[in-house]
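K.L.:
what's the 3D shape of this:
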Amino acid sequence: AKSEIAKNKMNDQKLQKLKYAHFFTDEIPLASLLKSLAYPQKAAPHPAMNIRFELYESAGKHYVRSTIDGKPMNFAGSREGVLELDTFLKMLYPLLYFGSID
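P.N.:
Modelled structure (predicted):
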């Protein structure tokens with residue numbers, strides 16, 4: 001399954017060395033990203049808006065923590081913006097690629 005391929009890529013040595021990546025953009029691509037994620041927006045994105053997707057491991061499981069301006073981005077099934085990686089990928093893939101990840 002594609003979710004397993006994504007998980008296996010996490011063992012890539014190049015990715016293991018990557019500790020931090022930061023991308024900058026303006027408000028229009030941020031609005032597109034939020035719309036693609038089906039994240040409800042009360043207002044247009046503002047300059048210096050900060051959207052983070054943090055990947056971490058705990059007890060052998062991988063998790064994604066999503067925040068917007070430091071506040072949790074709560075998707076279905078998340079707790080304080082935290083989802084298991086597999087759940088996050090299964091939610092994200094159909095929204096961005098119009099298909100199933102399995």
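K.L.:
Give the next helix or strand downstream of the least confident helix or strand in the chain by mean pLDDT.
P.N.:
None of the helices or strands of the chain scores lower by mean pLDDT, DSSP states H and E than helix 13-17, at a mean of 58. Counting by DSSP states H and E, the element after helix 13-17 in chain order, helix or strand, is helix 27-36.
K.L.:
strands paired with the one helix or strand R52 maps to, and their directions?
P.N.:
Using DSSP H and E, R52 falls within strand 51-58. Strand 51-58 pairs in its sheet with strand 61-68 (antiparallel), by DSSP bridges.
K.L.:
which other residues reach the helix or strand following the partner strand?
P.N.:
Toward the C-terminus, strand 61-68 is succeeded by strand 71-72 as the next helix or strand (DSSP H and E). Residues outside strand 71-72 that contact it (CB atoms under 8 Å, 6 or more residues apart in numbering): R65, S66, S78, E80, G81, V82. Every residue, glycine included, has its C-beta placed from N, CA and C.
K.L.:
Okay, buried residues for the longest helix along the chain please.
P.N.:
The helix spanning the most residues in the chain, taking DSSP state H as the definition, is helix 85-97. Within helix 85-97, the residues scored as buried using 16 or more other CB atoms under 10 Å are L85, D86, T87, F88, L89, K90, M91, L92, Y93.
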